[in-house]
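Chemist: structure of the sequence below:
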Amino acid sequence: MNRFSALLFSIAWLIIGTTATAHAGATLDRIKAAGSLPCGINIEEPEYSTRDAHGNHSALDLDICKAVAVAVLGPKAKFTVVSFRDEQDALKALKSGEIALLATGSPNLIDTANTGFGFARPIFYDYQGFLVNKTMGIASPKDLAGKVTCFLGSTEIETQIESYMKREKIKWLPHPFQEEGEMEAAFITRSNCAAITADVSQLAYERIAFKSMAKNFEILPDVVGKDPLAPTYNLDDPQWATIVNWTVEALIQAEESGVTQANLAEMKNSDDEVIRRLLGGQRGYGQFVGLDDAWAARVIEAVGNYGEMFERDLGSGSVMKLPRGANNLWIQGGLMYALPIR
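Modeler: Here you go, the predicted model:
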């Protein structure tokens with residue numbers, strides 16, 4: 001960079017930095033004054049709400065709460081967890097200001113159309129799939145022809161499975177249940193269910209409940225319907241939206257760049273320009289989100305990169321044992337793609 005370019009960058013940085021400070025968002029001010037981030041997590045009770053279809057993903061939610069809290073409050077950040085039984089209760093609390101962040105909400109038409117809610121990039125591409133008994137020789141949904149598939153009735157799950165089976169021309173036998181426990185009992189005893197369909201986050205928890213028999217059951221990779229999850233905030237504070245959005249981007253970029261909890265200190269000396277901007281080696285980039293230059297480095301030190309989070313909270317290092325699938329980086333055939341830091 002020549003002297004003239006450096007001067008222009010310095011001037012721009014000073015202007016942007018001054019503007020960000022002068023227009024600090026009310027949400028960030030409240031969080032700093034309280035010394036803690038009020039963060040909502042949805043513990044998902046399927047029989048409590050017929051609208052939600054996800055399973056309990058609280059481990060991921062806690063990491064998201066921690067990541068955002070550390071970004072704005074520093075390495076010793078505190079966050080107050082508020083648990084909700086379903087997403088609608090959580091969204092009401094977000095709108096009222098009881099919480100500043102819902103760790104994971106559903107960015108669908110209903111929740112995004114004129115609701116006042118904003119969503120970061122999806123942090124988990126959940127989807128409706130099938131849980132099958134491996135001993136029954138079911139390798140794909142086509143093998144469910146003439147067999148009973150079970151699900152919780154009067155839900156979006158029912159609507160989506162009906163559309164899927166019709167689209168795939170599979171002559172199946174539907175069996176709706178009103179109680180999850182009864183459905184699981186019918187499935188594990190093979191008395192009236194060849195498969196269960198639900199979001200894979202829910203299927204993973206149902207499989208855990210089978211304990212020593214869990215190894216006999218697998219989740220097929222076929223996607224019945226999309227149901228992504230993303231950090232959710234109120235749209236009335238652009239700076240807060242920027243902070244939440246870029247916390248997610250930083251987690252994904254860290255994995256793309258090979259930055260981990262273990263090698264963070266070493267990576268701070270990297271001459272790679274993207275890594276320098278990410279970790280604060282290139283002065284001034286934190287001001288674009290209204291934070292100091294070390295904010296993203298703090299986040300990675302606290303929770304690791306996105307891949308580390310997924311592995312620990314949802315993947316093979318967790319009780320859920322979900323494959324990365326669509327949650328892989330784009331360079332590995334997935335959908336995770338960080339926006340450029342420039």
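Chemist: for the rest of this, base every contact and every neighbour count on C-alpha atoms.
Modeler: Fine.
Chemist: just the strands from the stretch 101-250 of the chain, written as ranges.
Modeler: 101-105, 117-119, 127-133, 148-152, 173-177, 195-199, 217-219, 225-226, 230-234 (DSSP state E, counting those that start in this stretch).
Chemist: want to throw those strands into TSV with distance to residue 311, mean neighbour count and mean pLDDT?
Modeler: Listed next are the strands of the stretch 101-250 of the chain as TSV, based on distance: least, CA to CA, whole Å; neighbours: other CA atoms under 10 Å; pLDDT from 0 to 100:
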stretch	distance to residue 311	mean neighbour count	mean pLDDT
strand 101-105	17	28	97
strand 117-119	23	21	97
strand 127-133	18	25	95
strand 148-152	28	23	95
strand 173-177	32	16	96
strand 195-199	19	25	96
strand 217-219	17	19	94
strand 225-226	21	16	96
strand 230-234	17	25	98
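Chemist: tell me the confidence at the residue nearest the centre of the chain?
Modeler: Centroid-nearest residue in the chain, with CA atoms, centre = their mean: residue 123, separated by 3.1 Å. Confidence at residue 123, expressed as pLDDT, is 98.
Chemist: coming back round to it: turn the strands of the stretch 101-250 of the chain into a markdown table, columns for distance to residue 94.
Modeler: Listed next are the strands of the stretch 101-250 of the chain as a markdown table, based on distance: least, CA to CA, whole Å:
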| stretch | distance to residue 94 |
| --- | --- |
| strand 101-105 | 7 |
| strand 117-119 | 9 |
| strand 127-133 | 24 |
| strand 148-152 | 28 |
| strand 173-177 | 32 |
| strand 195-199 | 24 |
| strand 217-219 | 33 |
| strand 225-226 | 24 |
| strand 230-234 | 7 |
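Chemist: can you tell me which residues contact the closest residue to residue 131 other than its chain neighbours?
Modeler: Distances taken as CA to CA, 6 or more residues apart in numbering place residue 219 nearest to residue 131, at 4.5 Å, with adjacent residues excluded. By CA atoms under 8 Å, 6 or more residues apart in numbering, the contact set of residue 219 is 129-132, 200, 203-204.
Chemist: what is the nearest of those to residue 238?
Modeler: residue 200 (33.0 Å; CA to CA).
Chemist: that closest one: neighbour count?
Modeler: Residue 200 is flanked by 26 other residues according to other CA atoms under 10 Å.
Chemist: and what of residue 263?
Modeler: Residue 263 has 11 nearby residues by other CA under 10 Å.
Chemist: from residue 270, how far off is it?
Modeler: Distance, residue 263 to residue 270, by CA to CA, to the nearest Å: 11 Å.
Chemist: out of the strands of the stretch 101-250 of the chain, which comes closest to residue 141?
Modeler: Closest approach to residue 141 among the strands of the stretch 101-250 of the chain is made by strand 127-133 (7.9 Å; CA to CA).
Chemist: helices and strands around that closest one, which ones?
Modeler: strand 195-199, helix 200-209, strand 217-219, strand 225-226 (3 or more CA pairs under 8 Å, 6 or more residues apart in numbering; DSSP states H and E).
Chemist: between that strand and strand 195-199, how big is the angle?
Modeler: 150 degrees (axes from the mean of the first three to the mean of the last three CA atoms, to 10 degrees).
Chemist: what angle do strand 127-133 and strand 148-152 make?
Modeler: Per the same axes, to 10 degrees, the angle that strand 127-133 makes with strand 148-152 is 130 degrees.
Chemist: what's in contact with strand 127-133?
Modeler: By CA under 8 Å, 6+ apart, strand 127-133 touches 138, 141, 157, 194-201, 203, 216-228.
Chemist: ranking helices and strands of the chain by mean pLDDT, which lands last?
Modeler: When the helices and strands of the chain are compared on mean pLDDT, DSSP states H and E, helix 3-22 comes out lowest with a mean of 39.
Chemist: now the element after it, going C-ward?
Modeler: Later in the chain than helix 3-22, the nearest helix or strand by DSSP states H and E is helix 26-34.
Chemist: for the next helix or strand after that next one, packing partners?
Modeler: As assigned by DSSP H and E, the chain's next helix or strand after helix 26-34 is strand 37-42. Under the contact criterion of 3+ CA pairs under 8 Å, 6+ apart, strand 37-42 touches helix 58-73, strand 79-84, helix 87-96, strand 101-105.
Chemist: pick the most deeply packed of those.
Modeler: A comparison of these by mean neighbour count, using mean count of other CA atoms under 10 Å, puts strand 101-105 on top with a mean of 28.
Chemist: any regions of the stretch 51-200 of the chain where pLDDT drops low?
Modeler: Residues of the stretch 51-200 of the chain meeting the criterion pLDDT under 70: 51-55.
Chemist: no more questions from me, cheers.
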